[in-house]
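>>> Give me a 3D structure for the following:
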Amino acid sequence: MVKGNNISINTITSFSAIPEAVPSSSKFFGISLPRSLVSLSLVNNNLSTESFPVDFSCLTMLKHLYLNENPIVSMPSCVRSLHRLETLSMGNCNMLTSVEHAPHTLKYLSLYSRKPSLQKVVFDPQMFPLKLIILWTTLAPSLFEFEGLIKIQPMVGVEEKVLRSLGWSKIDFLKEKLMEKGLYSRELEESEIQMYYEFGIFSTFYSGEEIPNWITDRNKGPSISFTIPSSPNKLRGLNFCWVVSSPVFNGRQRSSSEFLLDLRMNIFHYLPVIIIRNITKNLIWIYHHYLETLNLSRSGLMLLSHWMFGMNEMECGDHVIVTVRWATDDIGDAVSKECGVSFVYDDGEKEEEDVLGYYKSWNHIIGGDLASFQSTTGEYILSEDLCGDRILLSPFDIDELGYGDLCGESARFKGRSHSYAYIIFI
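You can find the predicted model right below:
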């Protein structure tokens, strides 16, 4: 260990404790650091993103870097040149808005903070299995993105050409305020209506009791069966809409939190699982939304989702069944009033640009690489929240995760090859 004034660096190859002393200003970077440096702490030094040097590549042995409690807005670019880095900690960096292209060698990344500022996280496609520590409340409530994992933005900010490509050009709720929402440890809050994107599925929620009139095929209740109609153009996607009335709690005693919600005269909804079965092609997708609950100021909840299916998953003549249900029977159930579907086809003209190209570029979407999410009996379980407070990407028992009765007998995951080993939200 080498120490001097406010500098503490660890040149020992075995990692022990986090160094306590740190440099006090950006002048530190003018000091020649030993190439054999393994661990470096720059904690609580009032360092901005601009304070860091352009390049750290001289630190060829560095494995552990601590940047906690600094007013950095984004991950310093020099971190990307650390090709052996395994630990990166940026906890309580309360101005941090983006972390992009951290070294793919990382095994541990901490973004712990109680200030909701983080908007974007982008990982290298070749990222090693990673343990990411983060608070849900660290994420900006109405606008954030884990590239390749989930993207959330206000509907009013979505480009009109994207909405038209989804077949959502005739919607009149964009300027409404969203119901309050509950997301694990996050407090209930009011926000704008948002667009959620994951697994090649776009979705939004709003208060309402009538399915839009452009949803063509409809059925009363929580399920609809149909055959995809013929068309001279290629099927591009499927829109699914579902409306639910006030929840029914199966006669059980309400919890204190549910009682408080009643006092506030809002309606509390757990979000269901959407199951799409292509009977013709023997394909099943079980989608559990990123959000856990919604709390409406009015009784009706509308769910609108667009699924980016292609010819390999859906085509004209296929018999398809879509079902909405809750993962377990002991949570607050609700009465499904009606559901419906409509189809989006290419217009037959060659487009100058694919307005959904960015969304299609993600790996883990329908039509992409979903091997990590497939069960041994063939179902694709599209859920980032596989264990309540953690995103677990390892071969856990499907019954343990609550999807046993939705899959075939003795189903297990085939194996997890996703970039992220698991993400712990605390």
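
>>> So what sits opposite the residue nearest to residue 167 when sequence neighbours are not counted in the bridge?
Distances taken as CB to CB, 6 or more residues apart in numbering place residue 344 nearest to residue 167, at 4.2 Å, with adjacent residues excluded. C-beta: built from backbone N, CA, C; applies to glycine. Per DSSP bridges, the residues bridged to residue 344 are residue 237.

>>> Now do the contacts for residue 344.
Applying CB atoms under 8 Å, 6 or more residues apart in numbering to residue 344 gives the contacts 165-167, 235-239, 306.

>>> Hmm, residue 96 is touching residue 90, no?
Yes - with contact defined as CB atoms under 8 Å, residue 96 reaches residue 90; the gap is 6.0 Å.

>>> before we move on, back to that, let me know the pLDDT of the residue nearest to residue 167.
Predicted confidence (pLDDT) for residue 344: 92.

>>> quick one: it and residue 208, what's the gap?
As defined by CB to CB, to the nearest Å, residue 344 lies at a distance of 21 Å from residue 208.

>>> Over to residue 147?
Per CB to CB, residue 147 is found 31 Å from residue 208.

>>> Those two: who's more crowded?
Between residue 147 and residue 208, counting by other CB atoms under 10 Å, residue 208 is the more crowded of the two (20 against 16).

>>> Correct me if wrong: that one contacts residue 302.
Yes - counting by CB under 8 Å, residue 208 does reach residue 302; the two are 4.1 Å apart.

>>> where do the contact lists of those two overlap?
Jointly contacting residue 208 and residue 302 under the rule CB under 8 Å, 6+ apart are residue 243.

>>> Nearest residue to residue 231 in space, please, no chain neighbours.
Nearest residue to residue 231 in three dimensions, chain neighbours excluded: residue 345, at 5.1 Å (CB to CB, 6+ apart).

>>> helix or strand for residue 164, which one?
For residue 164, the host element (DSSP states H and E) is helix 160-166.

>>> List the buried residues of that helix.
Across helix 160-166, burial judged by 16 or more other CB atoms under 10 Å covers 163, 165-166.

>>> export these to CSV and tack on pLDDT and distance to residue 362?
Shown next, in CSV, are the buried residues of helix 160-166 (pLDDT from 0 to 100; distance: CB to CB, whole Å):
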residue, pLDDT, distance to residue 362
163, 92, 19
165, 92, 16
166, 94, 16
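
>>> which helices and strands does the one helix or strand residue 277 maps to pack with?
Using DSSP H and E, residue 277 sits in strand 273-278. Applying 3 or more CB pairs under 8 Å, 6 or more residues apart in numbering; DSSP states H and E, one finds that strand 273-278 contacts strand 235-248, strand 283-288, strand 319-325.

>>> Name the strands paired with it and say parallel or antiparallel.
Partners of strand 273-278 in the sheet, by DSSP bridges, are strand 283-288 (antiparallel), strand 319-325 (antiparallel).

>>> Residue 111: which of those is closest?
Closest approach to residue 111 among the strands paired with strand 273-278 (CB to CB): strand 283-288, 24.0 Å.

>>> quick one: which of the buried residues of helix 160-166 is nearest residue 286?
The closest of the buried residues of helix 160-166 to residue 286 turns out to be residue 166 (CB to CB; 21.9 Å).

>>> measure the residue nearest to residue 319 when sequence neighbours are not counted to residue 367 for me?
Spatial nearest neighbour of residue 319, excluding adjacent residues (CB to CB, 6+ apart): residue 279 at 4.4 Å. As for residue 279, its distance to residue 367 is 19 Å (criterion: CB to CB).

>>> which residues sit in contact with residue 74?
Per CB under 8 Å, 6+ apart, neighbours of residue 74: 49, 96-100.

>>> wait, which of those is closest to residue 129?
Closest approach between the contacts of residue 74 and residue 129, by CB to CB: residue 99, at 17.3 Å.

>>> which residues does that closest one bridge with?
residue 121.

>>> Would you mind saying which of the strands paired with strand 273-278 lies nearest residue 155?
Short answer: strand 283-288, nearest of the strands paired with strand 273-278 by CB to CB, at 19.8 Å.

>>> picking up where we left off before, format the contacts of residue 74 as TSV; extra columns: pLDDT and neighbour count.
Formatted as TSV, the contacts of residue 74 follow (pLDDT from 0 to 100; neighbours: other CB atoms under 10 Å):
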residue	pLDDT	neighbour count
49	92	17
96	95	24
97	94	14
98	94	16
99	94	24
100	93	14
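
>>> got CSV for the residues you listed, with distance to residue 215 too?
Listed next are the contacts of residue 74 as CSV, based on distance: CB to CB, whole Å:
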residue, distance to residue 215
49, 47
96, 41
97, 37
98, 37
99, 39
100, 38
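
>>> How confident was the prediction at residue 297?
At residue 297, pLDDT is 54.

>>> returning to that earlier point: may I see the contacts of residue 344 arranged in CSV, with distance to residue 323 as well?
CSV is the format used below for the contacts of residue 344 (distance: CB to CB, whole Å):
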residue, distance to residue 323
165, 26
166, 22
167, 22
235, 21
236, 23
237, 19
238, 14
239, 16
306, 18
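
>>> What ranges does the stretch 301-426 of the chain have for its helices?
357-360 (DSSP state H, counting those that start in this stretch).

>>> Do a quick rundown of the strands in it.
When assigned using DSSP state E, counting those that start in this stretch, the strands of the stretch 301-426 of the chain occupy the ranges 301-307, 319-325, 333-345, 380-382, 390-392, 422-425.

>>> what angle separates the first one from strand 273-278?
In this case it means strand 301-307. Per axes from the mean of the first three to the mean of the last three CA atoms, to 10 degrees, the angle that strand 301-307 makes with strand 273-278 is 40 degrees.

>>> before we move on, the earlier item: and the helix holding residue 164, what does it pack onto?
For helix 160-166, the packing partners by 3+ CB pairs under 8 Å, 6+ apart are strand 235-248.

>>> okay but residue 63 is in contact with residue 85, surely?
Yes - look at residue 63 against residue 85 with CB under 8 Å: they come within range, at 6.2 Å.

>>> Pick out whichever of the two has more residues nearby.
More crowded of residue 63 and residue 85, by other CB under 10 Å: residue 85, with 23 against 19.

>>> and the residue nearest to the more buried one when sequence neighbours are not counted, which of the three is it?
Among residues not flanking residue 85 along the chain, residue 103 sits closest, at 4.6 Å (CB to CB, 6+ apart). Taken by DSSP: H, G, I helix; E, B strand; the rest coil, the conformation at residue 103 corresponds to coil.
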